[in-house]
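Undergrad: Provide a 3D model corresponding to the input given below.
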Amino acid sequence: MSSSRTPRTLRAAAIVASAAMVAIAVQTGSASASAEREAGATALTLSAGARAQAISEAQNSASDTARAIGLTGDESLVARDVVKDADGTVHTRYERTYQGLPVLGGDLVVHQKKDGSRKTDKAVEAKIAPAGARSALRAPAGARQVVWAATGKPVFAYEAVVRGTQHDGTPSERHVITDAATGAELYSYEAIDTGVGTSEYSGSVTLGTAPSGSAFSLTDTARGGHKTYDLNGGTSGTGTLFTDADDKWGDGTPSNRQTAAVDAHYGAAVTWDFYKSELGRNGIAGDGKAAYSRVHYGNAYVNAFWDDSCFCMTYGDGQNNQKPLTALDVAGHEMSHGLTAATAKLNYSRESGGLNEATSDIFGTSVEFFANNASDPGDYLIGEKIDIRGDGSPLRYMDKPSKDGASADYWSKTVGRLDVHNSSGVANHFFYLLSEGSGAKTVNGVAYNSPTYDGSTVAGIGRTKAYKIWYKALSTYMTSTTDYAGARVATLKATADLYGSTGVEYQQVAAAWTAVNVK
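TA: Sure, this is the predicted structure:
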């Protein structure tokens, strides 16, 4: 990572940690009016060139924007993303600097309507004016100077990145923030988080490939040039691009090295298609560029992870190298970590970390339903095929997260102390309730029975509306420090944009949050 570049809060993440109400009123207004509002508040699909131009234009006017929103002369804005709605509203996401130093936790989003009116969502409301000397202490080896603002009063600090290997073979990239005046550690997080995926396969599928000499390669030219590589037991680099003479790949068994590549390549393609057709997003980062996939990582490596530094997904071969972790919902989960890194950059710890993991579960689940693949029907179970507990149970449950023995069904003051894969349960439960409602229900042959915090009844609005609301909240309103209370506010804003603030959708979003004790 270059010392001049603000790091993404999430550099990598995996599917799991290694450690193991109110009745809804009828909708007001006509269906056509609701459809018109949703269409107007839906983000336009920008080409890579159009998006780059929009970001450039935002940067050119960043000084004027900084003054308009009340920043001091010591502060500057760096445009990172632009989302344009069909109704003319423009949402511009900025990083912030103070006297040229990156402000971690200083990100903000400026929302400007067609009439010129403007609102701003900030990761932190505190004034960015750290006291004391910029560098009272010598910087740790390899560290860069920053302003730390994410967890309280802004202070001058250093950010160091310590790289190594975690206990299960996963690469380690630990970020440590220390006070520049005292040397005290202010914050730290593991940017590459260990986890376990599924070993489910997707049956016979169509793959995007390209001619390569007299053969073919796993290069999907229709989806940003996504490539799938064979690490062949390695743990670094890209490995070797898969090629095949007759363009027929794998045989459905782990003994065939191409089989894992088929599932990984297919999962990436379906995730790309879901983003584009359902959310109007042109690739993970919105720039039309594909990530790449690496399979056969390490030896008997029971993990799968997204690494934002290489913009890639990596899959191990599982126990005894017999269960490649290349399932469809794993691909959707991992690539959605890249989506979060490109948008809200939710800090990967405490409540924001739980929201980060939940976002990947939410979109991984949505991708699985979107695929409509008979070999892997959509469900609200995470890791249901891997059987890591040996009793046939899923890794996580969205209808009642606590069934996994560790995840939270409801918000409490202590939920942020849980591992992020367990604190994610609150948002996963919210998404299930918003999609399907409370109580007993069977979907695609799977029985669910979702409770509520106060015994209330919640009726769902359907999965499509639920993930559109979550995506708009993530991409236009959430920031790096968003917690559960902030997520409630962000999703209500997104719902008001898409469906109005007086309809059933808005009431049900509020009711679903109340049902998981977020008020």
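Undergrad: Helix, strand, or coil at residue 156?
TA: strand (DSSP: H, G, I helix; E, B strand; the rest coil).
Undergrad: Just grab the bridge partners of it for me.
TA: residue 147 (DSSP bridges).
Undergrad: my guess is residue 84 meets residue 43, correct?
TA: Yes. The pair residue 84 / residue 43 is scored as a contact, 6.8 Å apart, by C-beta atoms under 8 Å. All C-beta spots, glycine's among them, are computed from the backbone N, C-alpha and C.
Undergrad: Give me the common contacts of these two.
TA: Residues touching both residue 84 and residue 43 (C-beta atoms under 8 Å, 6 or more residues apart in numbering): none.
Undergrad: Show the low-confidence segments of the stretch 1-150 of the chain, by residue range.
TA: 1-12, 14-33 (pLDDT under 70).
Undergrad: What are the boundaries of the helices in it?
TA: Per DSSP state H, counting those that start in this stretch, the stretch 1-150 of the chain has helices spanning 31-41, 48-60, 62-68. These are given in chain order.
Undergrad: can you pull out the helices in this structure?
TA: 31-41, 48-60, 62-68, 257-279, 328-342, 350-371, 420-423, 425-436, 463-476, 484-499, 504-515 (DSSP state H).
Undergrad: between the last one and helix 31-41, how many degrees?
TA: Here helix 504-515 runs at 70 degrees with respect to helix 31-41, directions being taken by axes from the mean of the first three to the mean of the last three C-alpha atoms, to 10 degrees.
Undergrad: So which elements touch helix 504-515?
TA: Counting contacts by 3 or more C-beta pairs under 8 Å, 6 or more residues apart in numbering; DSSP states H and E, helix 504-515 packs against helix 425-436, helix 463-476, helix 484-499.
Undergrad: can you put those helices in a markdown table and add mean pLDDT, mean neighbour count and distance to residue 235?
TA: Below are these laid out as a markdown table (pLDDT from 0 to 100; neighbours: other C-beta atoms under 10 Å; distance: least, C-beta to C-beta, whole Å):
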| stretch | mean pLDDT | mean neighbour count | distance to residue 235 |
| --- | --- | --- | --- |
| helix 425-436 | 98 | 28 | 31 |
| helix 463-476 | 98 | 24 | 31 |
| helix 484-499 | 98 | 22 | 35 |
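Undergrad: Let's have these in TSV, adding distance to residue 457.
TA: As requested, these are exported to TSV (distance: least, C-beta to C-beta, whole Å):
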stretch	distance to residue 457
helix 425-436	10
helix 463-476	17
helix 484-499	19
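Undergrad: Of all those, which one is nearest residue 245?
TA: Within these, the stretch nearest residue 245 is helix 463-476; the backing value is 40.1 Å (C-beta to C-beta).
Undergrad: Would you mind pulling the contact partners of that closest one?
TA: By C-beta under 8 Å, 6+ apart, the list of residues contacting helix 463-476 reads 38, 41-43, 83, 91, 109, 111, 278-279, 281, 339-340, 343-344, 359, 362-363, 366, 369, 431, 434-436, 460, 487, 490-491, 493-495, 497-499, 505, 509.
Undergrad: again, only this time at 6 Å
TA: Outside of helix 463-476, the residues within contact range by C-beta atoms under 6 Å, 6 or more residues apart in numbering are 83, 91, 279, 343-344, 362, 366, 431, 434-435, 490-491, 494-495.
Undergrad: what's the closest of these to residue 257?
TA: For the contacts of helix 463-476, the nearest to residue 257 is residue 366 (30.0 Å; C-beta to C-beta).
Undergrad: Once you drop chain neighbours, what's closest to that closest one?
TA: Counting by C-beta to C-beta, 6 or more residues apart in numbering, residue 366 lies nearest to residue 467, which is 4.6 Å off, once chain neighbours are set aside.
Undergrad: what do you get for residue 284?
TA: residue 338 (4.2 Å).
Undergrad: you'd agree the one you found is up against residue 285?
TA: No. Using C-beta atoms under 6 Å as the test, residue 338 is too far from residue 285 to be in contact (7.0 Å).
Undergrad: Which of those two has more residues huddled nearby?
TA: More crowded of residue 338 and residue 285, by other C-beta atoms under 10 Å: residue 338, with 25 against 21.
Undergrad: Could you check the pLDDT of the more buried one?
TA: Here, the pLDDT recorded for residue 338 equals 93.
Undergrad: Repeat that for residue 151.
TA: 87.
Undergrad: State the distance from it to residue 455.
TA: Using C-beta to C-beta, to the nearest Å, we find residue 151 at a distance of 35 Å from residue 455.
Undergrad: Which one's more surrounded, the two?
TA: Neighbour totals were compared for residue 151 and residue 455, and residue 151 leads with 17 against 9 (other C-beta under 10 Å).
Undergrad: wait, residue 291 sits on residue 311?
TA: Yes. The criterion here is C-beta under 6 Å, and residue 291 meets it with residue 311 at 4.9 Å.
Undergrad: Of the two, give the one with the bigger neighbour count.
TA: Each of residue 291 and residue 311 has its neighbours counted (other C-beta under 10 Å); residue 291 has more, 24 against 16.
Undergrad: tell me the contacts of the more buried one?
TA: 284, 311-312.
Undergrad: In TSV: those, plus pLDDT.
TA: Formatted as TSV, these follow (pLDDT from 0 to 100):
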residue	pLDDT
284	93
311	93
312	94
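Undergrad: quick one: which of these is nearest to residue 181?
TA: Looking across the contacts of residue 291 and measuring by C-beta to C-beta, the closest to residue 181 is residue 311, at 35.8 Å.
Undergrad: As JSON lines, the helices of the stretch 1-150 of the chain with distance to residue 205 would be great.
TA: Below are those laid out as JSON lines (distance: least, C-beta to C-beta, whole Å):
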{"stretch": "helix 31-41", "distance to residue 205": "32"}
{"stretch": "helix 48-60", "distance to residue 205": "27"}
{"stretch": "helix 62-68", "distance to residue 205": "45"}
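Undergrad: what's the closest of the ones you listed to residue 180?
TA: helix 62-68 (24.2 Å).
Undergrad: quick one: which of the contacts of helix 463-476 is nearest residue 397?
TA: For those, the nearest to residue 397 is residue 431 (12.1 Å; C-beta to C-beta).
Undergrad: Thought residue 362 was touching the closest one, still the case?
TA: Yes. Using C-beta under 6 Å, residue 431 makes contact with residue 362 at a distance of 4.9 Å.
Undergrad: out of the helices and strands packed on helix 504-515, nearest to residue 373?
TA: helix 463-476 (16.0 Å).
Undergrad: Next, the angle helix 350-371 makes with the closest one.
TA: 140 degrees.
Undergrad: Report the angle between helix 463-476 and helix 257-279.
TA: Helix 463-476 runs at 90 degrees relative to helix 257-279, counting by the same axes, to 10 degrees.
Undergrad: between helix 463-476 and helix 484-499, how many degrees?
TA: 110 degrees.
Undergrad: show me the contacts for residue 143.
TA: Taking C-beta under 6 Å, 6+ apart as the test, what residue 143 contacts is 158-160.
Undergrad: mind listing what's buried in stretch 203-222?
TA: 205, 207-209, 216-220 (16 or more other C-beta atoms under 10 Å).
Undergrad: List the buried residues of stretch 111-129.
TA: So stretch 111-129, judged by 16+ other C-beta under 10 Å, has buried residues 111-112, 120-124, 128.
Undergrad: Show only the entries of those residues found in strands.
TA: Within those, membership in strands is found for 111-112, 120-122, as judged by DSSP state E.
Undergrad: now the residues you listed in a markdown table, with distance to residue 393?
TA: Below are those laid out as a markdown table (distance: C-beta to C-beta, whole Å):
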| residue | distance to residue 393 |
| --- | --- |
| 111 | 43 |
| 112 | 48 |
| 120 | 45 |
| 121 | 39 |
| 122 | 42 |
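Undergrad: All good on my end, thank you.
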